[in-house]
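Chemist: Next come a sequence and a model predicted from it.
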Amino acid sequence: MAEKTYLQAISDGLREEMRRDKRVFVIGEDVGVYGGAFKVTLGFQEEFGPWRVIDAPLAESAIIGGCTGAAIMGMRPVAEMQFADFISCGWDQLVTVAAKQRWRAGTPIPITVRLPSGGGFSGGPFHSQNPESSFAHIPGLKCVCPATPEDAKGLLASAIQDPNPVLYFEHKHLYRRIKGEVPDERITVPIGKARIHQEGEDLSVITWGAMVYTAAEAAQELAGDDVSVEIVDLRSVMPWDKAAVLESVRKTSKVLVLHEDTRTGGFGAEIAATIAEEAFEDLDAPVKRLAAPDTPVPFSPPLEKAFIPQVADVAAGLRELAEY
Amino acid sequence: MAAGRADPVDTVPRVLAIAREAEPVGSLSEVREAGLDRQDLLAVYRTLLVTRGVEERGHILYRQGKIPGSFYTGRGNEAASVGVATAMGPDDVGTPLHRDMGVHITRGVEPWRVFAQYMGRVDGPTKGRDGNVHMADSRLGLIAMVSHLPAMLPVATGCALAFRIRGERRVAVGWFGEGASARGDTHESMTLAGTRRLPVVFVCDNNQWAYSTPTHLEYATEHVADRAQAYGFEGVVVDGTDVLAVYREAKRAIERAREGGGPTLLECLTLRMEGHAVHDDAFYVPKPLFEEWAKSDPIERFRTWLRENADLDDDEEEEIGSDVKKLLNDALRRAEESPLPEPGDLLEGVYASPEDLDTPHHK
């Protein structure tokens, strides 16, 4: 065990998979000599050489489609999108080709696409998005969104060994800000299994990614009012741990669904609908959703602060629920 | 060998062609030099007949209402697809498209499975989950196409990348059409393949019509293959109705890739002899163009060549013809016996399980 940043944990997890499995290779823009825009693969090319840490041309479709072809030929590719936003340029290869190939043609596509996502540092409309719900909607894709350094390492190993295309959303605002104990040895974290970030009795927050910490800070504020909040960190949105969510809802009877992505059609809608369908009798208040407003991600700090759910917003939402 | 230019506004001279124009293959000795003996040639002839026969019978099935959805054929493209596939090695892989039935047949797919696929039966390679030529038998080194063209080019390039990483002497062949040459996936694939000198051959089935759109509205060069130079590799244009010329150029390109010489763009010029799909009567294609290209029907052309250069006689021709007929009749019967898929199985296999990774490619 050692304390690692979220970023180090991703890097360690990736390096470890590359050491133990020679089928694993990395391809992306500036991942080699430069070590990636966020330095996740810093030093990798020295260790693994230019054919396992591949500097690709600026061609997301060729990168992801290339991974698909290599995966069919028995490799375990890991693509890095420089920013999650740029996945739009590779949409077709993921959604049209990779996602449907197993079901339609019997060919599994074991690829991992790393997606540095999320806002909080004035990245603006094209360097801050959280596009997980778009991909969670596509049958055949998996979407994981680790919040802790330990999960960042363990979910990456699971994603790489998974026989399906897995989108690995790594939240940029957690990279250097979040530290935690991470086992030195290889770990895997099952995809589709939620984690209880903190136990509570009165309210449930269902969330993932950076919002886990926003929820935790808000819960701190409510602790003074003697309101106990349970935080369920989904860890992956496809598949998502419905059982864990329903269990928490049955325990607390009041639930806030929270995410950084925009509200309409966000994955929170699916969770809220499922709770309404399957745990209606257990609810003591309407399911509450808190998410970013339906706009592009703004650049200027006051605008961005108004866009991304803040601790005060979450605390206010929780108080409303508590008082219902 | 000019492409059909129906539009009278297209009178502006093009930039001089850059791609090499391939020579037709002449005598039997030349063909031997390229790697085919007489038995191989007869096999190619038979494969051409099976390819066309499968699609002709498929068309009948469609008219009988036995094929749901639409129906596409590659009439006119048989020599291009069979010629390239004949040049591939057993461990090479490819991503053939909807005009490339000849690739599937050459690689050894059984015709009854194709008919089952057409009719949405469980014995089709996609078990009724996808239709027409959206299929491939992975055991034969083929990967099933999607409708979005040329989305399979990045995939073929990725196969080549895997071969390069592992240092294997294998080659990937990726097909696209002149219409799809307009899309970014073509550019991205050729850029990646060119910069890394990957063992991939890009085959352009240029049948002159992307649905109803003529070539000069799809690309502004003389040939699609002229672009190859810009990506750092050779472009070659070959008469796609000359199966031996196609074979020879494909063989050169594939062996060059195998030896580490990087990609080639091989453009096979043909005419799509039918509509985009069976609903389309291709009224927009000028009649004289059809008449001109009908004179170089790829199968008739090769049959004549075999008679003149390889002593194909009536008996042999009759034997091959009746053998193919029997194969297709039996295949139809067998496919019609194949059951329709069970709706209860719909949810199966959206996600792969670890055991699925034991498929041939993944070993």
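Modeler: Arrived safely, thanks for sending.
Chemist: where does chain B have low pLDDT?
Modeler: Residues of chain B that meet the criterion pLDDT under 70 lie in B:1-15, B:359-363.
Chemist: quick one: the strands in it?
Modeler: Counting by DSSP state E, the segments of chain B that form strands are B:20-21, B:93-95, B:172-177, B:200-206, B:209-210, B:213-214, B:234-239, B:264-269.
Chemist: And chain A, by the same measure?
Modeler: Counting by DSSP E, the segments of chain A that form strands are A:2-5, A:24-28, A:53-55, A:76-80, A:112-117, A:142-144, A:166-171, A:179-182, A:195-198, A:203-207, A:229-233, A:236-238, A:255-262, A:288-292.
Chemist: In TSV: those, plus distance to A:Ile87.
Modeler: In short, each C-beta sits where N, CA and C put it, glycine included. What follows is the strands of chain A, written out as TSV (distance: least, CB to CB, whole Å):
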stretch	distance to A:Ile87
strand A:2-5	24
strand A:24-28	12
strand A:53-55	18
strand A:76-80	10
strand A:112-117	6
strand A:142-144	11
strand A:166-171	8
strand A:179-182	27
strand A:195-198	25
strand A:203-207	22
strand A:229-233	23
strand A:236-238	15
strand A:255-262	14
strand A:288-292	18
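Chemist: Just put those in JSON lines and tack on mean neighbour count.
Modeler: As requested, these are exported to JSON lines (neighbours: other CB atoms under 10 Å in any protein chain shown):
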{"stretch": "strand A:2-5", "mean neighbour count": "15"}
{"stretch": "strand A:24-28", "mean neighbour count": "24"}
{"stretch": "strand A:53-55", "mean neighbour count": "22"}
{"stretch": "strand A:76-80", "mean neighbour count": "27"}
{"stretch": "strand A:112-117", "mean neighbour count": "28"}
{"stretch": "strand A:142-144", "mean neighbour count": "27"}
{"stretch": "strand A:166-171", "mean neighbour count": "28"}
{"stretch": "strand A:179-182", "mean neighbour count": "17"}
{"stretch": "strand A:195-198", "mean neighbour count": "18"}
{"stretch": "strand A:203-207", "mean neighbour count": "29"}
{"stretch": "strand A:229-233", "mean neighbour count": "26"}
{"stretch": "strand A:236-238", "mean neighbour count": "27"}
{"stretch": "strand A:255-262", "mean neighbour count": "25"}
{"stretch": "strand A:288-292", "mean neighbour count": "21"}
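Chemist: Looking at those, which is nearest to chain B?
Modeler: Minimum separation from chain B across those (CB to the nearest CB) falls at strand A:24-28, 6.1 Å.
Chemist: Could you confirm whether any residue of the closest one contacts chain B?
Modeler: Yes. Under the criterion of CB under 8 Å from any CB of the partner chain, chain B is reached by strand A:24-28 at A:25, A:27.
Chemist: Spatially central residue for chain A, please.
Modeler: A:Cys145 (1.7 Å; CA atoms, centre = their mean).
Chemist: so where do the helices sit in chain A?
Modeler: Using DSSP state H, the helices assigned to chain A run over residues A:6-20, A:44-48, A:60-72, A:91, A:99-105, A:132-136, A:149-161, A:211-223, A:242-252, A:267-278, A:301-307, A:311-323.
Chemist: Identify the residue spatially nearest to A:Ala279, adjacent ones excluded.
Modeler: A:Val249 (4.7 Å; CB to CB, 6 or more residues apart in numbering or on different chains).
Chemist: Look at the one you found and report its pLDDT.
Modeler: A:Val249 is assigned a pLDDT of 98 by the prediction.
Chemist: ok, it - how many residues close by?
Modeler: A:Val249 is flanked by 24 other residues according to other CB atoms under 10 Å in any protein chain shown.
Chemist: will you turn the strands of chain A into JSON lines that also has mean pLDDT?
Modeler: Listed next are the strands of chain A as JSON lines, based on pLDDT from 0 to 100:
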{"stretch": "strand A:2-5", "mean pLDDT": "97"}
{"stretch": "strand A:24-28", "mean pLDDT": "98"}
{"stretch": "strand A:53-55", "mean pLDDT": "98"}
{"stretch": "strand A:76-80", "mean pLDDT": "98"}
{"stretch": "strand A:112-117", "mean pLDDT": "98"}
{"stretch": "strand A:142-144", "mean pLDDT": "98"}
{"stretch": "strand A:166-171", "mean pLDDT": "98"}
{"stretch": "strand A:179-182", "mean pLDDT": "98"}
{"stretch": "strand A:195-198", "mean pLDDT": "98"}
{"stretch": "strand A:203-207", "mean pLDDT": "98"}
{"stretch": "strand A:229-233", "mean pLDDT": "98"}
{"stretch": "strand A:236-238", "mean pLDDT": "98"}
{"stretch": "strand A:255-262", "mean pLDDT": "98"}
{"stretch": "strand A:288-292", "mean pLDDT": "98"}
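Chemist: among those, which is nearest B:Ala230?
Modeler: strand A:53-55 (20.7 Å; CB to CB).
Chemist: need the residues of the stretch 151-300 of chain B near chain A, please.
Modeler: Counting by CB under 8 Å from any CB, the stretch 151-300 of chain B sits next to chain A at B:151-165, B:172, B:184-185, B:187-189, B:191-192, B:195-196.
Chemist: And for residue 91, the neighbour number?
Modeler: Using chain A here. When neighbours are counted by other CB under 10 Å, A:Trp91 registers 16.
Chemist: Switch to chain B, please.
Modeler: With other CB under 10 Å as criterion, B:Asp91 counts 11.
Chemist: Now it: phi and psi?
Modeler: phi -90, psi 0 (degrees, to the nearest 10).
Chemist: Mark which of the residues of the stretch 151-300 of chain B next to chain A are buried, thanks.
Modeler: Buried members of those, scored by 16 or more other CB atoms under 10 Å in any protein chain shown, are B:151-165, B:172, B:184-185, B:187-189, B:191-192, B:196.
Chemist: sorry, back to before: pretty sure the residue nearest to the centre of chain A is touching A:His171, no?
Modeler: Yes. At 7.3 Å, A:Cys145 counts as touching A:His171 under the criterion of CB atoms under 8 Å.
Chemist: hey, what's in contact with both of those two?
Modeler: Counting by CB atoms under 8 Å, 6 or more residues apart in numbering or on different chains, the common neighbours of A:Cys145 and A:His171 are A:Gly209.
Chemist: Which helix runs longest in chain B?
Modeler: Assigned via DSSP H, chain B shows its longest helix as helix B:38-63.
Chemist: and A:Asp241, what does it touch?
Modeler: Applying CB under 8 Å, 6+ apart, we find A:Asp241 in contact with A:192-194, A:232, A:234-235.
Chemist: Cool, thanks, talk later.
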